[in-house]
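Novice: no FASTA, just this:
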């Protein structure tokens, strides 16, 4: 039996599972809206469809979406939509820089907390500082 056919058979056998699946699939349309008002109208209709389904986790999810609506509304604007590939690429570069800095040398340390997103593309050597020597005496502070 093919996957599509098996899914159809399973969903027809269990009405609540079918409803949950349809709610999940339809919610994905929210990210396609370019105007906040239309996105909000879609969400309110989706929530009304959810109302009598007795799906507690979906109700909790809807409450979370309502709490974070400002961020979702900001995403609706075309100028705020960023390609996920770009974001993942930037995160990957940051991880590589941090990994290179942490394994650069056993006598070197790296302060990962000081890495700013804007500095993430700078060479890793900028973030590496020599570790203090264990034999060195503390230097008096000069004022």
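Specialist: Great, that's in hand. Bear in mind the structure is a predicted one, so any value in this text is a computation, not a measurement.
Novice: What are the buried residues along stretch 46-64?
Specialist: Across stretch 46-64, burial judged by 16 or more other CB atoms under 10 Å covers 46-47, 50, 55, 58, 62. For the C-beta atoms, the positions are set from N, CA and C on the backbone; glycine is no exception.
Novice: okay, now the domains of this protein?
Specialist: Domain ranges of the chain: 3-80, 84-130, per automatic domain parsing.
Novice: Mean pLDDT added to those domains, as TSV?
Specialist: Listed next are the domains of the chain as TSV, based on pLDDT from 0 to 100:
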stretch	mean pLDDT
domain 3-80	85
domain 84-130	65
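Novice: counting contacts, what elements does the longest helix along the chain pack onto?
Specialist: Taking DSSP state H as the criterion, the chain has its longest helix at helix 84-102. The contact analysis (3 or more CB pairs under 8 Å, 6 or more residues apart in numbering; DSSP states H and E) places helix 84-102 against strand 108-110.
Novice: hmm, 10 Å instead?
Specialist: On a contact count with 3 or more CB pairs under 10 Å, 6 or more residues apart in numbering; DSSP states H and E, helix 84-102 meets strand 108-110, strand 128-130.
Novice: Buried ones in it, by neighbour count?
Specialist: Buried, per 16+ other CB under 10 Å, within helix 84-102: 94, 97-98, 101.
Novice: Work out the gap between it and the centre of the chain.
Specialist: Distance, stretch centre to chain centre, for helix 84-102: 15 Å (CA atoms, centre = their mean, to the nearest Å).
Novice: Over to stretch 42-51?
Specialist: With CA atoms, centre = their mean, you get 24 Å for stretch 42-51.
Novice: Nearest spatial neighbour of residue 54, chain-adjacent residues omitted?
Specialist: Of all residues not flanking residue 54 in the chain, residue 16 sits nearest, at 7.8 Å (CB to CB, 6 or more residues apart in numbering).
Novice: Go through stretch 2-22 and flag the buried ones.
Specialist: 19-20.
Novice: What are the contacting residues of that stretch?
Specialist: 1, 49-50, 52-55, 57-58 (CB atoms under 10 Å, 6 or more residues apart in numbering).
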